[in-house]
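Asker: Quick check, what structure comes out for this input:
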Amino acid sequence: MEKRNCVTEVQRKDIAKKRYNSLAWLRAIATIMIVYDHLAGMRNPEWVTNKIVDNIICRPLNIIQSFGAFGVSLFYLISGFLLMNSNVSHKSEGKTALMKIGRIYLSSLVAFAGFGLCIWGLDHFIDTYWSQYKIEDWLLSASLIGYFKGTGEVINGTTWFMLPLFLFYVLGVWLRKDMERNYTRSFLKVECFCTFLLLGLILGKRIFQVEVPISGYFPFVFIPLTGVLFYGIFVQKVRLWRGVMLFIVNYGLLVIALKELNYGYYEENPYLISYIYGCSLFLLFLIGEHHFNSNKALGIANKLGLPIYLLHMTWGSLCMTFLEGKIPFGVSLLLSVSVVVGLAWIHERFVDRKLAKWLK
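Answerer: Sure, this is the predicted structure:
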């Protein structure tokens, strides 16, 4: 047993009380990256600001999706790190994981329903992009069943993040149960399980010609696992050489998973580069933790992170639809983001808070 990996329950709770202001700042940056990608980069590649950013930063550094993949990588890394930083007893891990999954999914469901009602009302007067979809499409997307049929992103292209995240939360129960005794061994057990799943998906695709639509999202589970590994190195004091070896193993599995299950993100749009940038920035912020301070604005921004993510692509795109062509694109973008932030504030206060209390 590794003495450096072994901490008592009391020690772990003391460790877990630490607040990482650097990660709060990083989450806010990740939110900006994703919103910028969906409402500016994807929507109007010819916008002068987008061209400047693309030509000076994104293309030379091979950053895909106008920082979108970069931002998603940061979100997953933060999720992995903070899950391990929780002070929840391992006896309550299963219940806590179900609460996390339930809160995120129900929050997305309420956001989805509110937008659906708005579109239903607008359909009586004008046609929008979402008018083409039938009730069945909305139900498949809201329930996430559409992802199992290959049609999950037709209504809201951001909800895919829940598939690998929920799988990671389930794996987190296993991770945290064993991590006090031996962090390295616990991590390797989960890596072996993920390797088994990966081999099953690859063999099913290559030998039996059975390709599961959701298999393309499986590679992303290795990104929050990287956050778990960083927590082990920085907090649980896993020996550096062991941490490096585990990172190489995890990275290798991510490479294989993308190449075999989501080749577009391996070759055409190399997600791995954005992942490496995400890891590098994550480590820089973590190392410089003592330079970051918390403030009220940052606290509000972090509370609104999930609602903004759930609402920006639907409500933001709807606002842009009405504003584009009538006013300068930059102004329409700022106004649309302002609407999204306002709706996110309402959602956080009257939906997320209520859900958190109800689930407890």
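Asker: Pull out the buried residues from stretch 36-45.
Answerer: 36-44 (16 or more other C-beta atoms under 10 Å). C-betas here are computed from N, CA, C, even on glycine.
Asker: Give me the subset of the residues you listed lying in helices.
Answerer: Secondary structure from DSSP state H places Tyr36 of the buried residues of stretch 36-45 in helices.
Asker: pLDDT at the residue of the chain most remote from its centre, what is it?
Answerer: Largest separation from the mean C-alpha position in the chain: Phe125, at 35.7 Å (C-alpha atoms, centre = their mean). For Phe125, the pLDDT comes out at 93.
Asker: one step back: and which of the buried residues of stretch 36-45 is nearest Gly116?
Answerer: His38 (19.0 Å; C-beta to C-beta).
Asker: Find the residue closest to that closest one in space, skipping its chain neighbours.
Answerer: In space, His38 comes closest to Met313 once its chain neighbours are excluded; the distance is 5.0 Å by C-beta to C-beta, 6 or more residues apart in numbering.
Asker: got the contact list for that neighbour?
Answerer: Listed by C-beta atoms under 8 Å, 6 or more residues apart in numbering, the contact partners of Met313 are 38-39, 156-158.
Asker: tell me which of the residues you listed is nearest to Asp178?
Answerer: Using C-beta to C-beta, the contacts of Met313 come closest to Asp178 at Thr158, 32.9 Å.
Asker: any idea of the mean pLDDT for the host helix or strand of Val341?
Answerer: Per DSSP states H and E: Val341 is located in helix 329-347. Computed over helix 329-347, the mean pLDDT rounds to 97.
Asker: Measure how far the helix or strand containing Gly227 is from the centre of its chain, please.
Answerer: Secondary structure assigned from DSSP H and E places Gly227 in helix 222-234. Distance of helix 222-234 from the chain centroid (C-alpha atoms, centre = their mean, to the nearest Å) equals 14 Å.
Asker: tell me which strands and helices it is in contact with?
Answerer: Helices and strands touching helix 222-234, by 3 or more C-beta pairs under 8 Å, 6 or more residues apart in numbering; DSSP states H and E, are helix 68-84, helix 162-178, helix 183-206, helix 240-261, helix 271-287.
Asker: could you give the angle of the second one to helix 183-206?
Answerer: Here helix 162-178 runs at an angle of 150 degrees relative to helix 183-206 (axes from the mean of the first three to the mean of the last three C-alpha atoms, to 10 degrees).
Asker: mind listing what's buried in helix 162-178?
Answerer: 162-169, 171-176.
Asker: Check the last one too.
Answerer: Neighbour-count burial for helix 271-287 flags 271-275, 277-279, 281-282, 285-286 (criterion: 16+ other C-beta under 10 Å).
Asker: With the fourth one instead?
Answerer: Taking 16+ other C-beta under 10 Å as the neighbour-count basis, helix 240-261 is seen to contain the buried residues 242-243, 246, 249-251, 253-254, 256-258, 260-261.
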